[in-house]
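>>> Any chance you could fold what I've pasted below:
(one chain, ligands or ions: 1)
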Amino acid sequence: MKDSKFLKALNRQPNSIPPVWFMRQAGRYLPEYQKIRKNYSNFLDMCKQPHTCAELALQPINRFDLDASILFSDILTIPDALDLGLAFQEGEGPKFSNPISSPQDIKKLIPFDLENLNYVFKAVEETKKQLPEGIPLIGFCGSPWTLAAYSIEGGGSKDFKKTKSFMMEHPDSIQEFLEILSQACYEYLRQQVLSGVNALQIFDSWADLLSSDELEKFSLQHTRTVTKLLKADPVTANIPIILFEKSPNKKLKEILFQDISCISLHWQEDIKSVSQDLNSQYAIQGNLDPKVLLKSDELIWKETQKICNIMHDYPGFIFNLGHGITPNINPNKVQIMIDAIRQ
Ligand code: CP3
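Numbers count the residues shown, from 1 in each chain. Reported below is the predicted structural model:
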C-alpha cells in the first residue's frame, strides 16, 4: 500500500502521473451496474448485501484500472440506522417514511447502534478481500449537517424548506440532533477503518444551503467534532481525511483546518486560484465538471489536460470529477478522460 499513488498524494508527495478515481464511479452509467441493480427494487436492499457491494465497488476498478476504490454504500445509512425508514424506490431519490418533524422526534430517537450497520462493515471486509493489492479503499460518511438536512426534509428537495424552518424555529433542538449525528459519524468511520478502509471522505453536499455564518454554526463545527474525535483516537489518528464541501459562499481557506488532509473541489471552484491560495498545505482532489463528459472527445481531452497542466507541480494532486458522475454518461467518455490524464 506504501506505493499507492493515491495515498502518496494524500500525504502531499509528488507523483509524475496523478492518481485518479471519481465520485460515484460505481453507478448507473455502467451497464454492468445496471445488470445487478435490476434485481432489486429498493437500492438500500442492494447495499445490505456485502458480496454485491464488493462486486459493484470493483466494477470501475476492473474497467478503468483506477487508483482508488470507494466503498459501495450510501451516506444515508446512518439516519436509516436511527430508524427513520429509508427507501429508494425505482427512479426516485431517497425517501424517509419516519422523518424528523419536531423536537420530540429528536428526543425520542433510538440510541445510535453500530450493530445496525454491520452490513456496511462486512462490505468493507469483502471489498478489501477482492481488491487488487495496492489499491486503497476509501470509506465515507455524510457530514452531520447534510445528514440532518435529509432527515428533516424526509428526502431530497430543491429548496429544503422544512429544514430551513426547523433551523429557525428549533435552533437548540437541531444542534442536539447535529451532536448525535457527529458522534454517530465518528463511530461509523472508526469501525470502517477497523474493517479495513485506508482513507476517509466526508461529503458535505448540502453546505450550499447555508450562509457563511450558518455554515460555521450548523456544519463546520460539527464536522470538526468528527475529525477531532478521529484524530484523537489511535485507531484512526493516521488515516487521511478528505472533505467535499459544496460551499460557494465561503473561501476554502477559511473552511479548512488541520485535521483535513485533502479538499475535494466542486466543479464550480477555480482549481488554479484554490491551489495558489492553499499553497501546498493540503492535497487537492478535483475537479472536472461531469457535464464535460457529455461533450466531444476532443473537448474532454482538452479540459482534462488543462486541469492536469495547472496542477502539474502541485505535490498532492488527485484527479477527480467536481461532483458525482451522472447516469447519462457513456463509459467510453470516461476512458478518454483517463487516457488524457495518463498520457
Ligand atoms: O462509487 C460510489 O461513489 C458509490 C458509493 C456512493 C453512493 N452514494 C452510491 C449511490 C457514495 C459515496 C454516495 C454518496 C452520496 N449519497 C452523497 C454524497 C455525494 C453527492 O453526490 O453529493 C449523497 C448526497 C447521497 C444521497 C443519495 N444517494 C441520493 C440523493 C441518491 C439518489 C439520486 C442519485 O444520484 O442516484 C442516492 C442513490 C445512490 N447512491 C445511487 C448510488 C449508486 C443510485 C441508486 C440507484 O441505482 O437507483
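
>>> Now the helix or strand encompassing Ala57: buried residues?
Counting by DSSP states H and E, the element that carries Ala57 is helix 50-64. Of all the residues in helix 50-64, those buried under the rule 16 or more other C-beta atoms under 10 Å are 50, 52-61, 64. For the C-beta atoms, the positions are set from N, CA and C on the backbone; glycine is no exception.

>>> Pairing partners for the helix or strand that that helix is followed by, with directions?
From helix 50-64 onward toward the C-terminus, using DSSP H and E, the following helix or strand is strand 69-70. When pairing is defined by DSSP bridges, strand 69-70 lines up against strand 137-142 (parallel).

>>> and the angle for the partner strand with helix 50-64?
If you take axes from the mean of the first three to the mean of the last three C-alpha atoms, to 10 degrees, strand 137-142 sits at 120 degrees to helix 50-64.

>>> Name the residues that touch the helix or strand just after strand 137-142?
The helix or strand immediately downstream of strand 137-142 is helix 144-153, counting by DSSP H and E. Counting by C-beta atoms under 8 Å, 6 or more residues apart in numbering, the neighbours of helix 144-153 from elsewhere in the structure are 75-76, 78-79, 82, 84, 94, 96, 99-101, 141-142, 156, 160, 162-163, 166, 174, 177-179, 181-182, 185, 203-207, 209-210, 218-219, 222-223, 225-226.

>>> ok and helix 144-153 relative to strand 137-142, angle-wise?
Between the direction of helix 144-153 and that of strand 137-142, the angle (the same axes, to 10 degrees) works out to 50 degrees.

>>> With just CA atoms, put helix 144-153 into CSV.
Taking C-alpha atoms only, helix 144-153 is exported to CSV below (Å, rounded to 0.1, in the frame of the first residue of the first chain):
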residue,chain,number,x,y,z
PRO,A,144,-23.7,15.8,10.2
TRP,A,145,-25.3,18.8,8.5
THR,A,146,-26.0,17.0,5.2
LEU,A,147,-27.5,14.0,7.1
ALA,A,148,-29.6,16.3,9.3
ALA,A,149,-31.0,18.1,6.2
TYR,A,150,-32.1,14.8,4.6
SER,A,151,-33.5,13.5,7.8
ILE,A,152,-35.6,16.6,8.5
GLU,A,153,-36.7,17.2,4.9
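
>>> quick revisit: what's the helix holding Ala57 packed up against?
If you count contacts as 3 or more C-beta pairs under 8 Å, 6 or more residues apart in numbering; DSSP states H and E, helix 50-64 packs onto helix 31-37, helix 43-47, strand 69-70, helix 118-130, helix 331-342.

>>> Go through the ones you listed and name the closest to Leu194.
Taking C-beta to C-beta as the measure, the helices and strands packed on helix 50-64 were each checked against Leu194, and helix 118-130 came out nearest at 7.7 Å.
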